[in-house]
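K.L.:
turn this into a structure:
(one chain, ligands or ions: 1)
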Amino acid sequence: MRTFVLRARSAPTDSEKLMAEVGGSCHTEILAHCTMNALFMAQSHREDTTIHLVLESTQDYSRTVTINANEMTQVGGFHEAALLEIVRQALVASAGMTKEQMRHVQPGVTVRTISFEALLKELTQTHSVYMMDKKGDSIRDITLADNPCFILTDHIPMPKKTMNSLKRLGVEKISLGPKMLFASQCITLIHNELDHQM
Ligand SMILES: C[S@@+](CC[C@H](N)C(=O)[O-])C[C@H]1O[C@@H](n2cnc3c(N)ncnc32)[C@H](O)[C@@H]1O
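P.N.:
Here you go, the predicted structure:
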């Protein structure tokens, strides 16, 4: 299984704001771009791939929208609007949830009120977790372990505090090269590297 986590620190958990912020300062289009590159390729979907979108701009709890490519049946298209619609529906479904609850949204899609930190703790139990960081070790020099999970951020950098806790959890920092890329571009390159390695 290939797993991606996008920590979207500026993404609103309010469903209307989510849609209004495409191209705005919250850059919610990043959620659609990452979903697209994580789960789809030409003429097919990426088997055994999951993406967790952690939306953190909230009045109550972060929302983690999880989309599993194998289980999805109701994709309305691969364009930004269709992919953001899945996230919007998940946010609507999450209304009234209290801490660390989960709801099914549609086949292959769930929403949880779990924080990035709690999700990470969970994932480190079962996955080999890598933090994507321009200053990390080159992905070309690393043999990626089975069941890898890759952590990315939106346009807001990961706080230093989180980097320290990632270090304590034994998370390795890996780089895709010297240029700062979009998170969605990183996902394509990671898939490609895995396609070569596995
Ligand atoms: C657009 S970048 C974030 C830019 C943000 N302003 C910053 O300074 O971190 C989105 C994410 O993609 C990943 N990323 C971008 N370029 C990378 C590279 N060359 N190697 C590894 N990860 C990269 C990092 O996880 C980064 O947080």
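K.L.:
ok, now which ones touch Asp137?
P.N.:
Glu172, Lys173, Ile174, Ser175 (CB atoms under 8 Å, 6 or more residues apart in numbering). Yep, even glycine has a C-beta here, placed from its N, CA and C like the rest.
K.L.:
in the sheet, who's paired with the first one?
P.N.:
Here Glu172 sits in beta bridges with Tyr130, as judged by DSSP bridges.
K.L.:
residues contacting it?
P.N.:
Val129, Tyr130, Met131, Gly136, Asp137, Ile142.
K.L.:
and it, what pLDDT?
P.N.:
pLDDT for Glu172: 94.
K.L.:
and if you look at the last one?
P.N.:
With respect to pLDDT, Ser175 has a value of 98.
K.L.:
possible to save the contacts of Glu172 as JSON lines with distance to the ligand?
P.N.:
As requested, these are exported to JSON lines (distance: CB to the nearest ligand atom, whole Å):
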{"residue": "Val129", "distance to the ligand": "13"}
{"residue": "Tyr130", "distance to the ligand": "9"}
{"residue": "Met131", "distance to the ligand": "7"}
{"residue": "Gly136", "distance to the ligand": "6"}
{"residue": "Asp137", "distance to the ligand": "10"}
{"residue": "Ile142", "distance to the ligand": "12"}
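K.L.:
follow-up on the earlier one: ranking the contacts of Asp137 by neighbours, who comes first?
P.N.:
Ile174 (22 neighbours; other CB atoms under 10 Å).
K.L.:
pLDDT score for the residue nearest to Ala81 when sequence neighbours are not counted?
P.N.:
Spatially, and ignoring its direct neighbours in sequence, Ala81 is nearest to Ala32 (7.9 Å; CB to CB, 6 or more residues apart in numbering). At Ala32, the model reports a pLDDT of 97.
K.L.:
now do the contacts for Gln74.
P.N.:
With CB under 8 Å, 6+ apart, Gln74 has these contacts: Gln106, Pro107.
K.L.:
and for the one 4 residues further on?
P.N.:
By CB under 8 Å, 6+ apart, Phe78 lies in contact with Met36, Phe40.
K.L.:
check the spacing between the residue of the chain most remote from its centre and the ligand real quick.
P.N.:
Distance from the centre of the chain peaks at Asp141, with 24.0 Å (CA atoms, centre = their mean). Per CB to the nearest ligand atom, to the nearest Å, Asp141 is found 13 Å from the ligand.
K.L.:
what separates that residue from Ile190, distance-wise?
P.N.:
Look at Asp141 and Ile190: by CB to CB, to the nearest Å, they are 15 Å apart.
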